[in-house]
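Visitor: Got a sequence here, can you build the structure:
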Amino acid sequence: MPATKKKPARKAEVPLPPDSRQSESRLWLTFPAPLIKRPVIWELGQKFKVVFNLRQVSVGKDIGIVCLELDGARTEIKNAINWLESLGIKVEPVEISVLES
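Guide: Numbering: from 1, shown residues only. Here you go, the predicted model:
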């Protein structure tokens, strides 16, 4: 008789504390001229446990505008936003999901 494979026992899901639950945020970032050439988004990915997705980017001589999607724990996203603002980047939530199309 052939041996049957047992399925691994399913682990019970442990509820996470509210601050560590996964969250998604879409943000408009406005970069001042001195930061346009700095790899800020790369730095953000290195400093914080977030996954980012660039949804839209427009860079000019004097200003850079980025629509950024962040996935991660709420506290990590909050810390990432605080860090961006500390650099002088204006951070605003995307009000309408116009980028879904």
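
Visitor: When you work out contacts or count neighbours from here on, use the C-alpha atoms and nothing else.
Guide: OK.

Visitor: and the helix or strand where Leu68 lies, which strands flank it?
Guide: Here Leu68, judged by DSSP states H and E, is contained in strand 63-73. Its sheet considered, strand 63-73 pairs with strand 22-32 (antiparallel), strand 50-59 (antiparallel) by DSSP bridges.

Visitor: Quick one, which of these gets closest to Ile41.
Guide: strand 50-59 (8.2 Å; CA to CA).

Visitor: now what about the closest one, what contacts it?
Guide: 36, 45, 64-73, 76-77, 99 (CA atoms under 8 Å, 6 or more residues apart in numbering).

Visitor: Quick check: bridge partners of the spatially most central residue of the chain?
Guide: Geometric centre of the chain, nearest residue: Leu70, 1.7 Å, by CA atoms, centre = their mean. Beta-bridge pairing of Leu70 under DSSP bridges involves Ser25, Phe52.

Visitor: And it, how far from Val94?
Guide: Separation of Leu70 from Val94 (CA to CA, to the nearest Å) stands at 12 Å.

Visitor: Any quick ChimeraX command for the buried ones out of the contacts of strand 50-59?
Guide: Under the burial definition 16 or more other CA atoms under 10 Å, those of the contacts of strand 50-59 that qualify are selected in ChimeraX by:
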select :36,64,65,66,67,68,69,70,71,72,73,76,77
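
Visitor: Between the contacts of strand 50-59, which sits nearest Glu24?
Guide: So of those, ranked by how close each gets to Glu24 (CA to CA), first place is Asp71, at 4.5 Å.

Visitor: what's near enough to touch the closest one?
Guide: Counting by CA under 8 Å, 6+ apart, Asp71 makes contact with 22-25, 50-52, 77.

Visitor: Then Ser86?
Guide: Contacts of Ser86 by CA under 8 Å, 6+ apart: none found.

Visitor: again, but for Pro93
Guide: Residues counted as contacts of Pro93 (CA under 8 Å, 6+ apart) are 25-28.

Visitor: Please repeat the previous calculation with a cut-off of 7 Å.
Guide: 26-28 (CA atoms under 7 Å, 6 or more residues apart in numbering).
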